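Engineer: Got a predicted structure plus its sequence, pasted below:
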Amino acid sequence: MEKQKGKIESGERWNLYLEDRILTDERIERGQKIPKDRFHLCIHVWIRNVKRTVFDRAKISQTQKSS
């Protein structure tokens, strides 16, 4: 499987699935092109405080790095 140009290698590995979410025995590294008829799962999480304000993950990460 070929890597896309300009992508940074993260060491992060993704399981590949069939269209109906059946897990295959295939894995790729983040940044590699996903083969045709294969998929990976992605989860998005929104964190809100009691005022229902959504936290910006990027800003939280920057705050932690500068501490």
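Structural biologist: Sure thing, it's come through.

Engineer: drop to CA atoms for contacts and neighbour counts, all remaining ones
Structural biologist: Will do.

Engineer: quick one: pLDDT of the residue nearest the centre of the chain?
Structural biologist: For the chain, Cys42 is the residue whose C-alpha lies nearest the centre (C-alpha atoms, centre = their mean; 5.8 Å). pLDDT, the model's per-residue confidence, is 90 for Cys42.

Engineer: Could you pull out the strands in the protein for me?
Structural biologist: Remark: strands assigned in the chain by DSSP state E are 13-17, 23-29.

Engineer: buried residues in the first one?
Structural biologist: What that stands for is strand 13-17. Under the neighbour-count criterion of 16 or more other C-alpha atoms under 10 Å, strand 13-17 has 14, 16-17 buried.

Engineer: Touching that strand from outside, list them.
Structural biologist: Outside strand 13-17, the residues within contact range by C-alpha atoms under 8 Å, 6 or more residues apart in numbering are 23-30, 38-41.

Engineer: Now the buried members of those.
Structural biologist: Listed as buried from the contacts of strand 13-17 are 28-30, 38-39; burial here means 16+ other C-alpha under 10 Å.

Engineer: Grab the CA positions of stretch 25-45 and hand them over as CSV.
Structural biologist: Output of stretch 25-45 as CSV, limited to C-alpha atoms (Å, rounded to 0.1, in the frame of the first residue of the first chain):
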residue,chain,number,x,y,z
ASP,A,25,-7.1,-8.7,9.2
GLU,A,26,-5.7,-5.7,7.3
ARG,A,27,-4.1,-2.7,8.9
ILE,A,28,-2.6,0.5,7.5
GLU,A,29,-0.6,3.3,8.9
ARG,A,30,-2.2,6.7,9.1
GLY,A,31,-1.4,8.6,5.9
GLN,A,32,-1.5,5.6,3.7
LYS,A,33,-4.1,5.4,1.0
ILE,A,34,-7.1,3.3,2.1
PRO,A,35,-7.7,0.5,-0.5
LYS,A,36,-10.8,0.4,-2.5
ASP,A,37,-13.7,-1.3,-0.8
ARG,A,38,-12.0,-0.9,2.6
PHE,A,39,-13.0,1.5,5.4
HIS,A,40,-11.8,2.6,8.8
LEU,A,41,-13.9,3.8,11.8
CYS,A,42,-13.6,7.3,13.1
ILE,A,43,-15.2,8.7,16.2
HIS,A,44,-15.8,12.4,16.9
VAL,A,45,-16.3,13.5,20.5
